[in-house]
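Chemist: Coordinates only, no sequence provided:
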């Protein structure tokens with residue numbers, strides 16, 4: 001039985017989200033520091049995207065003003081990934097992925113401020129539920145305090161670059177934006193490494209590290225991004241957002257399967273995780289219902 005275009009794209013999207021979920025696992029497997037890991041990742045991703053443009057015979061030329069804008073956001077992306085992998089290395093994949101889900105909370109606060117729009121009641125309510133879930137994780141997994149803090153700062157950075165990307169993608173190609181963001185991230189991380197004296201022998205990779213990094217940089221970054229953009233032609237933004245919420249779920253399942261006991265948490269952690277992930281999942285439904293209700297009220301007033 002042949003799949004419809006929508007179902008085929010939905011399957012591709014789930015596969016893409018599964019790949020993104022595997023990113024955290026790779027971060028736990030790669031032996032080099034978070035800074036070195038991100039330096040290699042963004043370099044490989046930029047090279048892979050450049051090869052993609054060459055194969056597709058697409059130009060990468062954009063206005064100078066846009067280059068600086070994209071690369072500036074790329075610096076935030078690079079910082080986000082450094083914090084993400086550092087959080088994994090000082091805590092666990094599960095702790096990092098759940099705290100990263102708080103990006104919904106930060107977006108609810110930051111998006112109206114950056115876009116100068118009205119604050120949504122649904123955003124505030126979901127944000128409060130997420131805060132409660134994170135409080136439970138703090139309470140029961142206090143030994144991972146710094147991992148949780150770095151995870152939350154990482155989510156804050158993710159919220160900022162997601163809001164800025166949403167604005168930029170309306171005027172420019174998503175793939176072009178990502179290409180320059182990877183270059184910006186590479187330059188940003190390189191400057192940090194230069195000032196910290198991190199260009200040392202500790203950067204030398206083992207054979208397994210090379211394999212993991214190629215998978216991370218090419219498959220989990222460049223390929224996954226191209227697939228993620230491609231499915232948006234057939235699927236609604238709502239479907240994409242809802243499916244993307246599966247990333248921490250896939251990531252935690254993969255981490256437990258690969259790392260076993262290292263990823264075992266307290267009952268309190270799983271309770272907090274259910275609260276956070278439950279809020280993230282239910283958010284699009286509540287948001288859509290409120291927006292539809294507001295549209296109906298507007299239409300009634302017009303008639």
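Modeler: Okay, I see it. Here the structure is a predicted model, which is why all the values come from computation and not from measurement. Numbers count the residues shown, from 1 in each chain.
Chemist: Is residue 81 in a helix, a strand, or coil?
Modeler: helix (DSSP: H, G, I helix; E, B strand; the rest coil).
Chemist: Give me the neighbour count for it.
Modeler: Neighbour count of residue 81, defined by other CB atoms under 10 Å: 25. The way it works is simple: take the backbone N, C-alpha and C, and place the C-beta from them, glycine included.
Chemist: Please apply the same query to residue 222.
Modeler: 23.
Chemist: what sits against it?
Modeler: Contacts for residue 222 (CB atoms under 8 Å, 6 or more residues apart in numbering) come out as 44-45, 48-49, 52.
Chemist: What is the subsequent helix or strand relative to the least confident helix or strand in the chain by mean pLDDT?
Modeler: Counting by mean pLDDT, DSSP states H and E, the chain has its least confident helix or strand at helix 237-244, which shows a mean of 66. With elements assigned by DSSP states H and E, the helix or strand that comes after helix 237-244 is helix 247-259.
Chemist: Just the buried positions in that next one, please.
Modeler: Residues of helix 247-259 classed as buried: 247-252, 254-256, 259 (neighbour count, 16 or more other CB atoms under 10 Å).
Chemist: And the contacts of it?
Modeler: 17-18, 20-25, 28-29, 92-94, 97-98, 100-101, 263-264, 273, 277.
Chemist: Need the contact partners of stretch 79-89.
Modeler: Under CB under 8 Å, 6+ apart, the answer for stretch 79-89 is 24, 27-28, 33-35, 37-38, 41-42, 95-96, 99-100, 147-148, 150-151, 153-154, 157-158, 161, 185, 188-189, 192.
Chemist: If any of those residues are buried, give me the PyMOL selection for them.
Modeler: Listed next is the PyMOL selection for buried residues among the contacts of stretch 79-89, using 16+ other CB under 10 Å:
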select buried, resi 24+27+28+33+34+35+37+38+41+42+95+96+99+100+147+148+150+151+153+154+157+158+161+185+188+189+192
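Chemist: Please flag which of the contacts of stretch 79-89 sit within helices.
Modeler: 24, 27-28, 34-35, 37-38, 41-42, 95-96, 99-100, 147-148, 150-151, 153-154, 157-158, 161, 185, 188-189, 192 (DSSP state H).
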